[in-house]
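# quick one, what's the 3D model for this:
(chains A and B)
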Amino acid sequence: MENLNSYLIMSAILFAIGTIGVLTRKNVIVIFMCVEMMLNAANLSFVAFSRHLGNMDGQIFVFFIMTVAAAEAAVGLALIIAFYNNKESIDVDDVSIMKW
Amino acid sequence: MDMISIPVVNMTPILPEIVLSVLAMALLLINVFAPGGQKSFLAYISFIGIIVAAVLVGTGWGNHIESFSGSVVLDNFATFFKVTFLVAAGLAVLISDQYMEREGCNHGELYPLILFTVVGMMLMASGTDLMTIFLGLEVMSVSLYVLAGFNRANRKSNEAGLKYFLLGSFSTGFLLYGMALIYGATGTTRLYKIAVIVGQMTLPSANIMLVAGMLLMMTGFAFKIAAAPFHMWTPDVYEGAPTPMTAFMSAGPKAAGFAALLRLFLVALPTLQVEWSQVLWVLAVLTMTVGNITALRQDNIKRILAYSSIAHAGYALVGFAAGNGTGTSGILFYMLSYAFMNIGAFAIVILVAKKGETNGNVMDFAGLGFKRPVLAVVMTIFLFSLAGVPPAAGFIGKFYLFAGAVQKGYIWLAVIGVLNSAASAYYYLRIMVYMYMKEPTEEFEWVHVTAPVALALIIAVAGTVIPGIVPSFILQYAQMAVKLL
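Take a look at the predicted model:
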């Protein structure tokens, strides 16, 4: 496949957007979406490599990643709801009872 | 018509995992129909299940069975670590019941979640494929996010769960991206095949994709084992999580992270050892120093133990940077004895604390030695072991970790390690000073030791003292475990 590089660049850009988003955003849900974007950047790399190398391992891996991401979303959103119930906020600046 | 052949799968390597997952799912159901809100019996069932799993794990010693077309392996290395995880889980189950009753939590789901965590950790230790390691890591992490935020009514616990979840999944992103790059560079996810392909490369360290993948994976795991500079979540999560879960988190998942890292680096990337041991050298120094220096000015005992656990990850990284037989078997030994001593110390913290997790500062231990001499002596044993004072297991572990570094020629690394260890004595001794040299301000009348906690303390003391006096017994197993890696 000629254009493996463009997929990899695309994946790197997605990963960078995700990372910067996690580090700069304040809303917990947005941070969580950025994390999902990082995972999907990895997915894109896996699929591109898999096509390029002509073996299926990478695509199987992507199925597992998607499943795990769904499980993580279930747990993560439940934790966010539990936090919201006590604090009436989903801003990370409010996640601050404990500090050194 | 062609028949589709169904491969014969050998289930032996994952038998303990199957037992524990089935038990965990059954417990979830039993929990729903539990009579009259009684949940304590779930703890006993889980404890028995853990012992059964430990026996099954033990019978696998000396085997080398690959299964699932080489993505899971049963070998001594996996067996040793599985025992470590089961020790951590067993002790955590024993100390949970009393705590959860005191805090008024509905703790039925706690035990199945602990068992799921153990299953994930076991898969990490025996996985020989990036996929199995990743799945094990996620089974472990997702269960741990829930365990950290288990006390839903408590705001600190909410915060701990949320922070752990956000930073944990963030680190998963790095790990996965690293795995994708390694897959791209080598064309396979099997560790043994990666080793072959990397071994054939003329100059593997010049392969940017491979090196970047390795570093990203290291970042992901450094989060899990709480190595500086990726340790920022540790003190908050450890402070906010329910104390028995903090104890479990500091011992089990840390060991699992080391298990996966060791297998990954020693099996798949031994040709890059020069490169990764340099990175680990820096990580080890940073982790030890940051952990110990920050612990000096803490008052909350859970935070002290959290920073101390960061420092201990640093000591283990010293052995890892050395990467030789002495250093790596030292890690195995250290992780096992750390499970005993650290969970034991947390058990005492649980006993001294009051409802709502108050009374958890160093000052609150004032005079414990006069009012509750037995508990104070037990705590002293754990603290001595954590500080690395001779007859205890912690000393032997550190000795082998640092000896490995010296053998490899990393004299300075060993020197920094020993200096750090000396500094750490300050905050461990400070707790002892409060226990023995301050006037008691309280009668400690609320402190009562239930039978499961007493059993946990006895096991923990035995696991801390006996390996310290006769280290060769466990150490020879640790050496056999790393030999075939």
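# check contacts around the residue of chain A found nearest chain B.
Closest approach between chain A and chain B, counting by C-beta to the nearest C-beta: A:Met38, at 3.2 Å. For the C-beta atoms, the positions are set from N, CA and C on the backbone; glycine is no exception. Shown in contact with A:Met38 (C-beta atoms under 8 Å, 6 or more residues apart in numbering or on different chains): A:14-15, A:18-19, A:22, B:170, B:173-174, B:176-177.
# top of these by neighbour count?
When neighbours are counted by other C-beta atoms under 10 Å in any protein chain shown, B:Leu176 leads the contacts of A:Met38 with 31 neighbours.
# if I look at the residue of chain A closest to chain B, how far off is B:Ala481?
Between A:Met38 and B:Ala481 the computed distance is 35 Å (C-beta to C-beta, to the nearest Å).
# check the residue lying closest to B:Ile18 once chain neighbours are set aside and give its pLDDT.
Closest residue to B:Ile18 apart from its sequence neighbours, by C-beta to C-beta, 6 or more residues apart in numbering or on different chains: B:Met11 at 6.9 Å. At B:Met11, the model reports a pLDDT of 84.
# kindly provide the distance from B:Met11 to chain A.
20 Å (C-beta to the nearest C-beta, to the nearest Å).
# name the residues of the stretch 51-200 of chain B found near chain A, please.
Neighbours of chain A within the stretch 51-200 of chain B, by C-beta under 8 Å from any C-beta of the partner chain: B:130-131, B:134-135, B:138, B:142, B:145-146, B:149, B:152-153, B:155-156, B:158-163, B:165-166, B:169-170, B:172-174, B:176-177, B:179-181, B:183-184, B:187-189.
# among those residues, which ones are buried?
Buried members of those, scored by 16 or more other C-beta atoms under 10 Å in any protein chain shown, are B:130-131, B:134-135, B:138, B:142, B:145-146, B:149, B:152, B:155-156, B:158-163, B:165-166, B:169-170, B:172-174, B:176-177, B:179-181, B:183-184, B:187-189.
# looking at those, which are in helices?
Counted as lying in helices by DSSP state H, out of these, are B:130-131, B:134-135, B:138, B:142, B:145-146, B:155-156, B:158-163, B:165-166, B:169-170, B:172-174, B:176-177, B:179-181, B:183-184.
# just to revisit the earlier point, so how many other residues sit close to the residue nearest to B:Ile18?
Counted by other C-beta under 10 Å, the residues lying close to B:Met11 total 11.
# then B:Ala422?
12.
# now do B:Ala92
30.
# checking my notes, it in a strand, right?
No - secondary structure of B:Ala92 (DSSP: H, G, I helix; E, B strand; the rest coil): helix, not part of a strand.
# host element of the closest residue to it other than its chain neighbours?
In space, and not counting its chain neighbours, B:Ala92 is closest to B:Phe248: 3.7 Å by C-beta to C-beta, 6+ apart. Taking DSSP states H and E as the definition, B:Phe248 sits inside helix B:243-263.
# chain center to stretch B:279-297, what's the gap?
Mean C-alpha position of stretch B:279-297 versus that of the full chain (C-alpha atoms, centre = their mean, to the nearest Å) differs by 18 Å.
# residue ranges with poor pLDDT in chain B?
Across chain B, the ranges flagged by pLDDT under 70 are B:1-2, B:36-37.
# please, where are all the strands along it?
Secondary structure of chain B, counting by DSSP state E: strands at B:65-67, B:72-74.
# could you measure from B:Met249 over to B:Lys398?
22 Å.
# still on that earlier bit, quick one, the helix holding B:Phe248 and helix B:155-186 angle?
Interaxial angle, helix B:243-263 versus helix B:155-186 (axes from the mean of the first three to the mean of the last three C-alpha atoms, to 10 degrees): 10 degrees.
# which strands and helices sit next to helix B:243-263?
Packing partners of helix B:243-263 (3 or more C-beta pairs under 8 Å, 6 or more residues apart in numbering or on different chains; DSSP states H and E): helix B:76-103, helix B:110-126, helix B:130-148, helix B:208-224, helix B:233-240, helix B:301-322, helix B:325-352.
# how near is the residue positioned nearest the centre of chain A to B:Ile301?
Closest residue to the average C-alpha location of chain A: A:Glu36 at 2.2 Å, with C-alpha atoms, centre = their mean. According to C-beta to C-beta, A:Glu36 and B:Ile301 sit 37 Å apart.
# now the residue of the stretch 1-150 of chain B found nearest chain A, nearest residue through space, not along the chain?
Per C-beta to the nearest C-beta, B:Glu138 is where the stretch 1-150 of chain B lies closest to chain A, at 4.5 Å. The shortest distance from B:Glu138 to any non-neighbouring residue, by C-beta to C-beta, 6+ apart, is to A:Val68 (4.5 Å).
# the one you found contacts B:Leu135, doesn't it?
Yes - counting by C-beta atoms under 8 Å, A:Val68 touches B:Leu135, with 7.1 Å between them.
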